[in-house]
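Chemist: model this:
(one chain, ligands or ions: 1)
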Amino acid sequence: MRFIETSLPGAWVIEPEPHYDERGFFARTWCEREFREHGIAMAVRQCNLSGNRARGILRGLHYQASPHAEAKVVSCLRGAIHDVIVDLRPDSPSFKRHAAVELSPGNGRMLYVPPGMAHGYQTLTDDALVHYLMSEHYVAEAQRGVRWDDPAFGIEWPAVEARIISARDLAYPDFLG
Ligand SMILES: Cc1cn([C@H]2C[C@H](O)[C@@H](COP(=O)(O)OP(=O)(O)O[C@H]3O[C@H](C)C(=O)[C@H](O)[C@H]3O)O2)c(=O)[nH]c1=O
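Modeler: A predicted model of the protein is given here:
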């Protein structure tokens, strides 16, 4: 796998290196040792799938509060998403800055989101299927979020005729951190 650090220290784009033959391909998508060699100490405790029926669905931006802060490895198994992370680590040189990457089976990219960053995405196609490796167990009471259009972050999302956003995600207050 190839590791490319994003503009946010500690967040990485990871590109599998497929082995092709006449049948198709085989690619490694997770390796504790290779991640550790890039300074990413992560155990995988849960995996999730998120199915999105339409283009323009925007989920997030979410994170779990301490002591349940989690790392994620996000990939798109069908369709395509515009994936966004926001650095909410107060001591980080990239505090409140964001990074975006398109994930799709076409580019095979994965995004490593370290603890302390909020994560969200907007689907670019119908039927986008998103997979997550999670470093911590889901704790409903620790769920937190920031709003997709919060002026503190200035995130520019892909233009779309209509966005589908949950009431909860629309209701997050302005970030005052
Ligand atoms: C996240 C999660 C949710 N759930 C249950 C809770 C709800 O009954 C249902 C849907 O959850 P939610 O509306 O929080 O799903 P999303 O809005 O897609 O949230 C996710 O979207 C953003 C983009 C993320 O990065 C997180 O992985 C995650 O927060 O699944 C679970 O049982 N386990 C889980 O780990």
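
Chemist: CA only for contacts and neighbour counts going forward, please
Modeler: Fine.

Chemist: Close to the ligand: what parts of this structure are there?
Modeler: Where the chain comes near the ligand, counting by C-alpha under 6 Å from any ligand atom, the residues are Arg59, Gly60, Leu61, His62, His119, Gly120, Tyr121, Tyr138.

Chemist: And the last one, how far from Leu49?
Modeler: Okay, so that is Tyr138. Separation of Tyr138 from Leu49 (C-alpha to C-alpha, to the nearest Å): 13 Å.

Chemist: tell me which of the residues of the chain next to the ligand is nearest to His68?
Modeler: Nearest to His68 among the residues of the chain next to the ligand is Tyr138, at 8.2 Å by C-alpha to C-alpha.

Chemist: In this protein, which residue sits nearest the ligand?
Modeler: Here the residue of the chain nearest the ligand is Gly120; by C-alpha to the nearest ligand atom that distance is 4.0 Å.

Chemist: Verify the contact between that residue and Lys72 for me.
Modeler: No. Contact criterion C-alpha atoms under 8 Å: Gly120 and Lys72 do not qualify, at 11.5 Å.

Chemist: mind listing the helices for this protein?
Modeler: Here the chain has its helices, by DSSP state H, at 32-37, 167-170.

Chemist: same for the longest one, what does it pack against?
Modeler: Helix 32-37 makes packing contacts with no helix or strand when contacts are defined by 3 or more C-alpha pairs under 8 Å, 6 or more residues apart in numbering; DSSP states H and E.

Chemist: Residues in contact with it: which ones?
Modeler: Residues from elsewhere that reach helix 32-37 (C-alpha atoms under 8 Å, 6 or more residues apart in numbering): Met1, Ala41, Met42, Ala43.

Chemist: so which of these is the most crowded?
Modeler: Counting neighbours by other C-alpha atoms under 10 Å, Met42 leads the contacts of helix 32-37 with 20 neighbours.

Chemist: Tell me the spacing between it and Glu70.
Modeler: From Met42 across to Glu70, the span is 9 Å (C-alpha to C-alpha).

Chemist: overlap in contacts of the two?
Modeler: What both Met42 and Glu70 touch, as defined by C-alpha under 8 Å, 6+ apart, is the set Ser135.

Chemist: measure Ala167 to Pro151 for me?
Modeler: On the measure of C-alpha to C-alpha, Ala167 and Pro151 end up 19 Å apart.

Chemist: Kindly apply the preceding question to Ala128 instead.
Modeler: Ala128 sits 27 Å away from Pro151, going by C-alpha to C-alpha.

Chemist: ok, now Pro158?
Modeler: From Pro158 across to Pro151, the span is 17 Å (C-alpha to C-alpha).

Chemist: Ala11 too?
Modeler: 22 Å.

Chemist: Between the two, which is the more surrounded one?
Modeler: Between Ala11 and Pro151, Ala11 has the larger neighbour count (other C-alpha under 10 Å), namely 24 against 10.

Chemist: Since that was my last question, I'll sign off now.
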